[in-house]
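Engineer: pasting the structure only:
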Ligand code: AMP
């Protein structure tokens, strides 16, 4: 496997990497689309990958959604496919030349939308196919002929079996979010799809991590790939303030309500570990007065798209979701992410908190850890290479009944009222649901150098955090009965 330190990197070393799109000499239709999208400077993955893909090399890229990865592969592919561009109405003149495979419907939809934008001044056609939707409209589009086909593996196989598309002229394949495709169990589907493709082709594989499975996949299907690794949107991620609260069971919902209100949060992602848990929590929160929608794999495609639209347009305040459903969604500026459940996989912690603190905005990531989550928290510690301080959550005295809570925006209204000079006490007396408390404490921004490095998988065989073994102490009156008093995990390590 070739690395960027080899011959290509000699030409593209860090000092000479083209950083402005103007330096790429993209063809006029692509350059116009890029400039109309307001992009001037390339992101690191773009600066590294575009020149390499333009040379026709295979690429193994460690980069996530949010780093500008879609343009990193789409622009050079479109540029290289321009020689096939034609305005003929004959389907035979528009065979599939580029195939982009993704793990989820939402991602496929999102990536196809972006490719359509980049290619909108060309005659190249792009279509997307994914499950959960009627096959007929997809079939009609495929039969008309498309050069770029974006698909989830299962539905693509359905179309191949129905002879709705032929892949024997494919020149470019992108395996996007490859680690997630393997996690979901798409490997057999991928192998079948790849067996239908011409051997002579360019293959690009993008993955958040280079696990041994990913390396095996790359060894089997990529030819002498250039390896490119970029840290995830560092500047954004380093602005994420992270908290781990020790909370058990039903107290988690109380904690969620309290933090939403105290921080005057406008919107948040709430991550849970199971589809069932996702649906249940969304229902409870909705009953408790929070405008909530759920995003998980058991929802129909239509419901999932509606949930996303409602969240994006600000119609709903909370998006309760599972990891698979939310992976890679390009929703910007979410002020906070809650890990209602600590993720089973430490790397998912990074994916989850990557939803907030984007584009230099300050973000908040709050995790609720029960005692039984000790091992999972320890995994995250290992991955972050940082001790995690497990904080108690002090519930407000006279904790209001959460069933009578208003919307998150009550917090925002309080904040706005303060901003506009209304005295807090006046506001609180007119809004008895809002406890009298100073919510505007200063928020330290965590500067975590971890986020300036590429991902590294968790180390196998580590031990659990010491606090796992610490017996629970009964809480004091205004603290959840299930929490321990504030302590540093580091201190506990030495005490153990
Ligand atoms: P992606 O990682 O491809 O999902 O891209 C994340 C977001 O960044 C998308 O909304 C893109 O439109 C945007 N984007 C991609 N490349 C650039 C760039 N060079 N400058 C500014 N924004 C970009």
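Structural biologist: The structure has been received and is ready for your questions. This structure is a prediction, so every number in the text was calculated from the model and none was measured.

Engineer: Could you give me the buried positions within stretch 44-61?
Structural biologist: Residues 44-54, 57-61 are the ones in stretch 44-61 that count as buried (16 or more other C-beta atoms under 10 Å). (Each C-beta comes from the backbone N, C-alpha and C, glycine too.)

Engineer: Ok, stretch 255-274 next?
Structural biologist: For stretch 255-274, a neighbour-count test (16+ other C-beta under 10 Å) marks 255-273 as buried.

Engineer: For the ligand, see how far away residue 167 is.
Structural biologist: Using C-beta to the nearest ligand atom, to the nearest Å, we find residue 167 at a distance of 24 Å from the ligand.

Engineer: Quick one, grab the pLDDT at that residue.
Structural biologist: Per-residue confidence (pLDDT) for residue 167: 96.

Engineer: Name the nearest residue to it, sequence neighbours excluded.
Structural biologist: Closest residue to residue 167 apart from its sequence neighbours, by C-beta to C-beta, 6 or more residues apart in numbering: residue 196 at 4.8 Å.

Engineer: Same check on residue 91?
Structural biologist: Residue 91 sits nearest to residue 145 (C-beta to C-beta, 6+ apart), 3.6 Å away.

Engineer: Got the phi and psi for that neighbour?
Structural biologist: Dihedral pair for residue 145: phi 100, psi 130, per degrees, to the nearest 10.

Engineer: Check the burial of the residue nearest to residue 167 by counting its neighbours.
Structural biologist: 15 (other C-beta atoms under 10 Å).

Engineer: Which secondary structure state is assigned to residue 70?
Structural biologist: The three-state label given to residue 70 by DSSP: H, G, I helix; E, B strand; the rest coil is helix.

Engineer: Verify the contact between it and residue 112 for me.
Structural biologist: No: the criterion here is C-beta atoms under 8 Å, and residue 70 misses it with residue 112 at 9.7 Å.

Engineer: for the ligand, what are the nearby residues on the protein?
Structural biologist: Contacts of the chain with the ligand, taken as C-beta under 6 Å from any ligand atom, map to 39, 42-43, 46, 65-71, 330.

Engineer: still on that earlier bit, any idea how many residues pack against the residue nearest to residue 91?
Structural biologist: 18.

Engineer: go on, residue 301?
Structural biologist: Here the number of neighbours of residue 301 (other C-beta under 10 Å) works out to 15.

Engineer: what does the one 10 residues further on give?
Structural biologist: Neighbouring residues of residue 311 were enumerated by other C-beta under 10 Å; the total is 24.

Engineer: Please name the nearest non-neighbouring residue to it.
Structural biologist: That would be residue 319: by C-beta to C-beta, 6+ apart, it lies 4.5 Å from residue 311.

Engineer: Return the distance of the helix or strand containing residue 61 from the chain's centre.
Structural biologist: For residue 61, the host element (DSSP states H and E) is strand 59-62. Strand 59-62 has its C-alpha centroid displaced from the chain centroid by 18 Å (C-alpha atoms, centre = their mean, to the nearest Å).

Engineer: Could you dump the residues of the chain next to the ligand into CSV with pLDDT added?
Structural biologist: Conversion of the residues of the chain next to the ligand to CSV gives the following (pLDDT from 0 to 100):
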residue, pLDDT
39, 91
42, 91
43, 87
46, 93
65, 71
66, 73
67, 79
68, 87
69, 91
70, 94
71, 96
330, 66
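
Engineer: so where's this structure shaky on pLDDT?
Structural biologist: For the chain, the stretches with pLDDT under 70 are 1-18, 231-238, 327-328, 330, 332-333, 358-361, 397-496.

Engineer: Repeat the analysis, applying 50 as the threshold.
Structural biologist: 1-15, 232-236, 403-407, 409-496 (pLDDT under 50).

Engineer: Where does the record place the domain boundaries for it?
Structural biologist: 2-229, 240-429 (automatic domain parsing).

Engineer: Could you give the separation of the longest one from the chain centroid?
Structural biologist: I take that to be domain 2-229. 18 Å.

Engineer: Next: the shortest one.
Structural biologist: Mean C-alpha position of domain 240-429 versus that of the full chain (C-alpha atoms, centre = their mean) differs by 15 Å.

Engineer: isn't residue 172 right up against residue 97?
Structural biologist: Yes: assessed by C-beta under 8 Å, residue 172 is found in contact with residue 97 at 6.7 Å.

Engineer: Neighbour count for those two, which is higher?
Structural biologist: Legend: neighbour count by other C-beta under 10 Å for residue 172 and residue 97, higher for residue 172 (24 against 20).

Engineer: Next, give phi and psi for the nearest residue to the more buried one once chain neighbours are set aside.
Structural biologist: Once flanking residues are discounted, residue 172 sits nearest to residue 98: 4.1 Å by C-beta to C-beta, 6+ apart. Per-residue torsions, residue 98: phi -130, psi 130 (degrees, to the nearest 10).

Engineer: looking at it, residue 98 is touching residue 170, isn't it?
Structural biologist: Yes: applying C-beta under 8 Å as the test, residue 98 and residue 170 come out as touching, 7.0 Å apart.

Engineer: Show me which of the two is the more surrounded one.
Structural biologist: A side-by-side neighbour count of residue 98 and residue 170, using other C-beta under 10 Å, places residue 98 first with 27 against 22.

Engineer: Next up, the contacts around the more buried one.
Structural biologist: Residue 98 makes contact with 77, 81, 147-149, 170-174 under the criterion C-beta atoms under 8 Å, 6 or more residues apart in numbering.

Engineer: what do you get for residue 198?
Structural biologist: So residue 198 contacts 168-171 (C-beta under 8 Å, 6+ apart).

Engineer: so which of the buried residues of stretch 44-61 comes closest to the ligand?
Structural biologist: The closest of the buried residues of stretch 44-61 to the ligand turns out to be residue 46 (C-beta to the nearest ligand atom; 5.7 Å).

Engineer: Look up the closest residue to that closest one, ignoring the ones flanking it.
Structural biologist: The spatially closest residue to residue 46, leaving aside those adjacent along the chain, is residue 72, at 4.5 Å (C-beta to C-beta, 6+ apart).

Engineer: Number of residues surrounding that neighbour?
Structural biologist: Neighbours of residue 72 (other C-beta under 10 Å): 28.

Engineer: swap in the one 3 residues further on?
Structural biologist: The local packing count at residue 75 equals 28, with neighbours defined by other C-beta under 10 Å.

Engineer: now the one 4 residues further on
Structural biologist: As a burial measure, residue 79 scores 21 neighbours (other C-beta under 10 Å).

Engineer: Quick check: phi and psi at it.
Structural biologist: Torsion angles, degrees, to the nearest 10, at residue 79: phi -60, psi -40.

Engineer: Tell me the spacing between it and the ligand.
Structural biologist: 15 Å.

Engineer: buried stuff in stretch 338-351?
Structural biologist: Across stretch 338-351, burial judged by 16+ other C-beta under 10 Å covers 338-343, 345-351.

Engineer: now do the same end-to-end measure for that stretch.
Structural biologist: End-to-end distance for stretch 338-351: 12 Å, by C-alpha to C-alpha, to the nearest Å.

Engineer: Residues contacting that stretch, please?
Structural biologist: 64, 208-209, 232, 252, 256, 259, 268-274, 277, 281, 320, 323, 327-328, 352, 365-370, 373, 376-377, 379-380, 382-383, 455, 457-458.

Engineer: State the distance from residue 256 to the ligand.
Structural biologist: 28 Å.

Engineer: quick revisit: which among the residues of the chain next to the ligand end up buried?
Structural biologist: 39, 42-43, 46, 65-71, 330.

Engineer: Need these in a markdown table (columns: distance to residue 163).
Structural biologist: Shown next, in a markdown table, are those (distance: C-beta to C-beta, whole Å):
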| residue | distance to residue 163 |
| --- | --- |
| 39 | 39 |
| 42 | 40 |
| 43 | 39 |
| 46 | 37 |
| 65 | 32 |
| 66 | 37 |
| 67 | 37 |
| 68 | 36 |
| 69 | 32 |
| 70 | 29 |
| 71 | 33 |
| 330 | 33 |
